[in-house]
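# The amino acid sequence is not available; the structure is as follows:
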């Protein structure tokens, strides 16, 4: 099942997100955050994505009904 997110512009380096994640992790750890803090951040990020996805799914049927 595809997620209801819009397309991104242009091609994306498949390594970009892994590089970004590693960079963020290293920055957080070098700034004194513990592994549990990084896990809490990851949980919050997933919660935000979940909320946005639910909102998009909820809005999609009402938008498609109004077009017909």
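On my side now, so go ahead. Worth saying up front: this structure is predicted, and the values here are computed from it rather than measured.

# okay, CA-based contacts and neighbour counts for the rest of this
Fine.

# where does this structure have low pLDDT?
1-8, 61-68 (pLDDT under 70).

# max-length helix in it?
Taking DSSP state H as the criterion, the chain has its longest helix at helix 35-67.

# List the buried residues in that one.
By neighbour count on 16 or more other C-alpha atoms under 10 Å, the buried set for helix 35-67 is empty.

# buried set for stretch 17-30?
Buried-residue list, stretch 17-30, by 16+ other C-alpha under 10 Å: empty.

# Give me the contact list for that stretch.
35, 38 (C-alpha atoms under 8 Å, 6 or more residues apart in numbering).

# Same question for stretch 37-50.
So stretch 37-50 is in contact with 25, 28, going by C-alpha under 8 Å, 6+ apart.

# Give me the secondary structure label for residue 33.
For residue 33, the assignment made with DSSP: H, G, I helix; E, B strand; the rest coil gives coil.

# what helix or strand does residue 24 sit in?
helix 16-30 (DSSP states H and E).

# how far away is residue 45 from residue 39?
Residue 45 is 10 Å from residue 39, where distance means C-alpha to C-alpha, to the nearest Å.

# To clarify, my last question referred to residue 26.
Residue 26 is 13 Å from residue 39, by C-alpha to C-alpha.

# now swap in residue 16 and tell me
20 Å.

# Quick check, central residue of this protein?
Centroid-nearest residue in the chain, with C-alpha atoms, centre = their mean: residue 49, separated by 4.9 Å.
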